[in-house]
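*Asks:* For reference, the sequence and a predicted model appear below.
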Amino acid sequence: MVRQSKTELYAAIRRDVRGGMSIRAAMRKHSVSYPTVTKALASAWPQPRKKPPARPTRLDHYKALIDAMLLADLDAPRKQRHTAKRIFDRLVDEHDAMDVSYGIVRRYVAERRPQIRIEAGRGPVEAFIPQSHRPGAEAEVDFGDVTVRLAGEQVTCYLFSLRLSYSGKAVHRVFVSCGQEAFFEGHVHALNVLGGVPFGKIRYDNLKAAVARILGFARQRVETERWTAFRSHYGIEGFYCRPGIEGAHEKGGVEGQIGWFRRNHFVPVPEVASLAELNAMVERWDEEDEARRIRSRPRTIGEYFAIERELLKPLPDEPFETGRHFALRVDRHSQIHVRTNRYSVPVRLIGRNVRVVLHASELVVFDGREVVARHERLKAKGQARLVLDQYLEALVRKPGALPGATALDQARAAGRFTPVHDEWWAAACKAHGDSEGTKALVEVLLLGRHMAHEHLVAGIAAALRAGALTADAVALEARKAAEADQAESVTSSQQPPEPAQHATVTSLTARRLAQLPPDNRPLPSVAVYDQLLRRRSSGQGSSSEGETQ
């Protein structure tokens, strides 16, 4: 038999009595007492069960003491307030509360602490007020850290996010740092994607990239000069949140957006070969996110953004240089020191001053107006990025420095110096000696400035198979590989591939002569010079005749 609830029992009693059943019969039918029937007839809803009075506990004698401690905590420093453990220790030490357990004290403190705060007129711990935003008026900016497996190494990168408050449209970009260069480049990318600038305020944390100093407890800030110039260039009106966790609630939209984006697109940890590949994925994710709805909104992010895009301020015509400029001197190791890291430049610039532009993801070195070096920006501190090609002129004069060169180790790790290079180098050293063999290798590496890397590797492999251990032979075979690639691109892909043949090495002179057109000119002759001989003999004859006469 299904057990009825009290409400169902009351409904059944009222139905039977209204149908003509007597109260006594209803009592017998439903097995209830007279007061129950009268209560059912008086109201369709059962009266709530009376709450039993609280039973006395051993803590009743100490509750006033605990309340006094919690009340005093309202004016105490935040990090020097009573915990439940400290209150329990004080009750035992100061009031001999040996009959009270820690568990009952902890439960009472957890219940009474917010009540005492409200009774003292301090209000609830935190209250959030819903906000409304006009289209195109406001945006929020923040950084969030993400873990990425970059080129086989797990590193921590920084996710820049600019989110429009009305539509919820957000633009993201991943950088290796969250410095001022990344801060500016993130803005440039986001504003270009959005197609304009909000005409109202953009909310920021107190980032060092923008804020040089906070003035007291007010909203006034001393901004950095470059950030002031950047804001002026794009017409951005900044609004700086309060420091600490309270300020994070003032831009909760972008805080929640970064968390949502990280949980939905960076789980599992993405594995990429470069940041460019990762940012291409991020751009695709941003476009896909326009099709989702935020909570219970009737339209998608993309539909709201279509309304908001038309109200944004236009972008300026001139670009803004987001990189930071340095004037540095090249040391005797052919390196420049930028921040805490070192980068190589060509050895011909040793002792000279160069101009360096540091971007969020790369570093560019200029000698006058010429770009002489370009490096990917290092992620950690105290590291060095050296390019072997920039030391080749010095290694021609110092071949003995190549085996232990740091640039050689980095070239091997990057895949630019392959095992084929090592095999050819070992064979050249065996044939010509260590010094001459290494010089021949340096000459081969110099060919990489004019040839593609894959063609040069193919040329080294072919020359090694043929036993030709000179730079000329490698250059010849590398050109053959380049010409073969060019011919394959012209020929149709449907033709069957020809069987592979072993490369042969010929001299450059024979190859040049074989490519010349046929010479149809007549062979040279000296017959015309005989005319000079006849004239000379005739002249001599006349003079001799005159003498005879």
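*Replies:* Perfect, I can see it now. Residues are numbered from 1 along each chain as shown.

*Asks:* Run through the residues that contact the residue nearest the centre of the chain.
*Replies:* Taking Cα atoms, centre = their mean, the centroid of the chain lies closest to Val174, which sits 2.5 Å from it. Residues counted as contacts of Val174 (Cβ atoms under 8 Å, 6 or more residues apart in numbering) are 146, 148, 157-160, 275, 278-279, 282. Backbone N, C-alpha and C define where each C-beta goes, glycine included.

*Asks:* again, only using 7 Å
*Replies:* Counting by Cβ atoms under 7 Å, 6 or more residues apart in numbering, Val174 touches 146, 157, 159, 275, 278-279, 282.

*Asks:* could I get these as TSV with pLDDT and neighbour count?
*Replies:* Shown next, in TSV, are those (pLDDT from 0 to 100; neighbours: other Cβ atoms under 10 Å):
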residue	pLDDT	neighbour count
Val146	93	21
Cys157	92	20
Leu159	95	22
Leu275	91	23
Leu278	94	21
Asn279	94	17
Val282	95	21
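
*Asks:* Name the nearest of the residues you listed relative to Val387.
*Replies:* Leu275 (19.0 Å; Cβ to Cβ).

*Asks:* Val146 versus that closest one, what's the distance?
*Replies:* 12 Å (Cβ to Cβ, to the nearest Å).

*Asks:* mind showing which ranges of the stretch 1-150 of the chain have poor pLDDT?
*Replies:* Counting by pLDDT under 70, the stretch 1-150 of the chain has low-confidence residues at 1-2, 123-127.

*Asks:* where along it do the helices fall?
*Replies:* Ranges of helices within the stretch 1-150 of the chain are 6-18, 23-30, 34-42, 63-73, 84-95, 102-119, based on DSSP state H, counting those that start in this stretch.

*Asks:* since we're on the residue nearest to Ala25 when sequence neighbours are not counted, how many residues are nearby?
*Replies:* Take Ala25 and drop its neighbours on the chain: the residue closest to it by Cβ to Cβ, 6 or more residues apart in numbering is Asp16, 7.7 Å away. For Asp16, the count of nearby residues is 18 (other Cβ atoms under 10 Å).

*Asks:* Please apply the same query to Arg309.
*Replies:* With other Cβ under 10 Å as criterion, Arg309 counts 16.

*Asks:* Test my guess that it contacts Gly195.
*Replies:* Yes - counting by Cβ atoms under 7 Å, Arg309 does reach Gly195; the two are 5.8 Å apart.

*Asks:* now, which of the contacts of Val174 sits nearest Gly256?
*Replies:* Checking the contacts of Val174 one by one against Gly256 (Cβ to Cβ), the nearest turns out to be Leu159, at 13.6 Å.

*Asks:* so who does that closest one touch?
*Replies:* 143-144, 146, 172, 174, 258, 262.

*Asks:* Tell me which strands the host helix or strand of it pairs with, and in which orientation.
*Replies:* Element membership of Leu159 [criterion: DSSP states H and E] is strand 153-164. Neighbouring strands of strand 153-164 in its sheet, by DSSP bridges, are strand 139-150 (antiparallel), strand 170-175 (antiparallel).

*Asks:* can you put the ones you listed in CSV and add distance to Val387?
*Replies:* CSV is the format used below for the strands paired with strand 153-164 (distance: least, Cβ to Cβ, whole Å):
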stretch, distance to Val387
strand 139-150, 20
strand 170-175, 23
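
*Asks:* Can you say which of the ones you listed is packed in most?
*Replies:* The highest mean neighbour count among those, using mean count of other Cβ atoms under 10 Å, belongs to strand 170-175: a mean of 24.

*Asks:* and the next element down the chain from that strand?
*Replies:* With elements assigned by DSSP H and E, the helix or strand that comes after strand 170-175 is helix 180-194.

*Asks:* and that following helix, which residues are buried?
*Replies:* Going by neighbour count (16 or more other Cβ atoms under 10 Å), the buried part of helix 180-194 is 180-191, 194.

*Asks:* Quick check: buried residues in the strand holding Leu159?
*Replies:* By 16+ other Cβ under 10 Å, the buried positions in strand 153-164 come out as 157-164.

*Asks:* Please identify which of the residues you listed is nearest to Pro298.
*Replies:* Leu164 (17.7 Å).

*Asks:* wait, the closest one sits on Ala139?
*Replies:* Yes - between Leu164 and Ala139 there is a contact at 5.1 Å, judged by Cβ under 7 Å.

*Asks:* Now do the shared contacts for the two.
*Replies:* Counting by Cβ under 7 Å, 6+ apart, the contacts common to Leu164 and Ala139 are Pro198.

*Asks:* what residues does the helix or strand encompassing Arg284 touch?
*Replies:* For Arg284, the element it lies in under DSSP H and E is helix 275-289. Helix 275-289 is contacted from outside by 148, 170-174, 176, 265, 270, 272, 301, 361, using Cβ under 7 Å, 6+ apart.

*Asks:* Could you dump those residues into a markdown table and include distance to Ala394?
*Replies:* Shown next, in a markdown table, are the contacts of helix 275-289 (distance: Cβ to Cβ, whole Å):
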| residue | distance to Ala394 |
| --- | --- |
| Val148 | 36 |
| Ala170 | 50 |
| Val171 | 46 |
| His172 | 44 |
| Arg173 | 39 |
| Val174 | 37 |
| Val176 | 30 |
| His265 | 46 |
| Pro270 | 40 |
| Val272 | 35 |
| Ile301 | 56 |
| Ser361 | 29 |
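
*Asks:* Quick one: closest of the strands paired with strand 153-164 to Leu408.
*Replies:* In terms of Cβ to Cβ, the element of the strands paired with strand 153-164 nearest to Leu408 is strand 139-150, at 23.3 Å.

*Asks:* orientation of the closest one relative to helix 180-194 in degrees?
*Replies:* 110 degrees (axes from the mean of the first three to the mean of the last three Cα atoms, to 10 degrees).

*Asks:* With just CA atoms, put strand 139-150 into CSV.
*Replies:* Taking Å, rounded to 0.1, in the frame of the first residue of the first chain, the C-alpha atoms of strand 139-150 are listed here in CSV:
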residue,chain,number,x,y,z
ALA,A,139,34.9,46.5,-22.9
GLU,A,140,37.2,44.7,-20.4
VAL,A,141,40.8,43.6,-20.8
ASP,A,142,42.8,41.0,-18.8
PHE,A,143,45.6,38.4,-19.0
GLY,A,144,45.3,34.8,-17.9
ASP,A,145,48.0,32.1,-17.8
VAL,A,146,47.7,28.9,-19.9
THR,A,147,49.9,25.9,-20.1
VAL,A,148,51.0,24.8,-23.6
ARG,A,149,53.2,22.1,-25.0
LEU,A,150,55.3,24.2,-27.3
